[in-house]
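>>> Following is a predicted model, sequence given first.
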Amino acid sequence: MIWVYFMRERSEVFTIFKRFKSMVEKQSGHHIKSLRNDNGKEYSSKEFDNFCEEEGVERQLTVGYTSQQNGVSERKNQTVMEMAKSMMHEKGLSKNFSAEAVYIAVNYEIMIEEFRNDMMERYEMSDMGLLNHFLGIEFYQVEDGVFISQKKYTENILMKFGMSGCKPMATPLVVNENLQRKMERKEVDGSLYRSLVGNLLYLIATRLNIMYAASLLSSFMNNPSQNHLGAAKRVLRYIQGITSYGIKYCKYSTVKLFGFCDSDWGGYTDDMKSTSGYALSLGFGVFSWSSKK
């Protein structure tokens, strides 16, 4: 349960606590037995101490610089304030409506908690906290946004195909190289090639810079040659130098839609078809991209 009180000055804490204590005890029929707070001066007045002693309320102080204790209320406060700011920004409201926005955000938090508990009772599921890892994609949730990457998955691919520690390349493909279906034939392991390209195709979930190369190489999966396998291994050498790359979605960036597109106009010599691609961004991380023949 969350209660929110707005104060003009910190000195109002004692008066507000007395009102809060009276309200809660009358509504619940239970007494407040302990009060945990930080070492702020607004809690350490003699008047506050005497009141708690008379009412039989045990005082507990958090240990400074310990996130396990001191960061709980701060994180909750930050969550509520961010929700309130988002709602005000969405509706274009002024700061005069801050109090109303905070009250709505608090009630929304309560609804989320009730929904979570209801789902856990109905289905076999557990609340694991913030998302960190999902299907090979790593999520790093920091103060100014969310960063997604496939660093571990990339390292596993390089190790799987014996390219771990290889010399990195500056580009995924040789510039102006013309890969075709009918090239100099040299027997290669088709299953190895398909496995390699399949891994690259999953990697474009966060690496749009290899999307064109992976899409091009996938068109030779039925009958690959040594040239095609060499080109695929060059892509592995390219990602060797960018294993920690990913996409960051910033929290405070200005939301503005950007779109980029391009085409090679008949660049595929086997059937003279064009390869077109696009990428869409909201002013920070790219959220949609494609490369299609």
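Okay, I see it.

>>> Break down the stretch 101-250 of the chain into its strands, ranges please.
Using DSSP state E, counting those that start in this stretch, the strands found in the stretch 101-250 of the chain span residues 133-134, 137-142, 145-149, 246-250.

>>> mind giving me the domain split of the protein?
10-122, 137-249 (automatic domain parsing).

>>> To L280, which of those lies closest?
domain 137-249 (10.5 Å; Cβ to Cβ). In short, each C-beta sits where N, CA and C put it, glycine included.

>>> Report the mean confidence score over the closest one.
Mean pLDDT, computed over domain 137-249, is 82.

>>> Okay, L203 and S290: tell me how far apart.
Plainly put, L203 is 15 Å away from S290 if you go by Cβ to Cβ, to the nearest Å.

>>> which of the two has more neighbours?
Neighbour count, other Cβ atoms under 10 Å: between L203 and S290, L203 has more, with 19 against 14.

>>> Could you pull out the helices in the protein for me?
Secondary structure of the chain (DSSP state H): helices at 13-28, 46-55, 67-91, 98-122, 151-160, 190-203, 211-218, 226-240.

>>> List the contacts of the residue nearest to L216 when sequence neighbours are not counted.
Residue nearest to L216 in three dimensions, not counting chain neighbours: L179, with 6.5 Å by Cβ to Cβ, 6 or more residues apart in numbering. For L179, the contacting residues are L216, L217, F220, N227, H228, A231, by Cβ atoms under 8 Å, 6 or more residues apart in numbering.

>>> mind putting these in JSON lines, neighbour count and distance to I137 included?
As requested, the contacts of L179 are exported to JSON lines (neighbours: other Cβ atoms under 10 Å; distance: Cβ to Cβ, whole Å):
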{"residue": "L216", "neighbour count": "23", "distance to I137": "23"}
{"residue": "L217", "neighbour count": "25", "distance to I137": "22"}
{"residue": "F220", "neighbour count": "22", "distance to I137": "27"}
{"residue": "N227", "neighbour count": "17", "distance to I137": "32"}
{"residue": "H228", "neighbour count": "23", "distance to I137": "27"}
{"residue": "A231", "neighbour count": "20", "distance to I137": "26"}
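
>>> Tell me the one among those residues nearest to Y140.
Among the contacts of L179, and counting by Cβ to Cβ, the member closest to Y140 is L217, at 29.4 Å.

>>> Would you mind putting the strands of the stretch 101-250 of the chain into JSON lines with distance to C166 and mean neighbour count alongside?
Shown next, in JSON lines, are the strands of the stretch 101-250 of the chain (distance: least, Cβ to Cβ, whole Å; neighbours: other Cβ atoms under 10 Å):
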{"stretch": "strand 133-134", "distance to C166": "26", "mean neighbour count": "9"}
{"stretch": "strand 137-142", "distance to C166": "22", "mean neighbour count": "14"}
{"stretch": "strand 145-149", "distance to C166": "20", "mean neighbour count": "17"}
{"stretch": "strand 246-250", "distance to C166": "21", "mean neighbour count": "16"}
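
>>> quick one: stretch 232-241 to chain centroid distance?
26 Å (Cα atoms, centre = their mean, to the nearest Å).

>>> contact partners of it?
Outside stretch 232-241, the residues that reach it (Cβ under 8 Å, 6+ apart) are 154, 157-158, 161, 163, 165-174, 193, 196-197, 200, 203, 207, 210, 213-214, 217.

>>> re the thing from before, what would the helices of the chain look like in a markdown table with distance to D38?
Formatted as a markdown table, the helices of the chain follow (distance: least, Cβ to Cβ, whole Å):
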| stretch | distance to D38 |
| --- | --- |
| helix 13-28 | 11 |
| helix 46-55 | 13 |
| helix 67-91 | 6 |
| helix 98-122 | 21 |
| helix 151-160 | 37 |
| helix 190-203 | 46 |
| helix 211-218 | 50 |
| helix 226-240 | 47 |
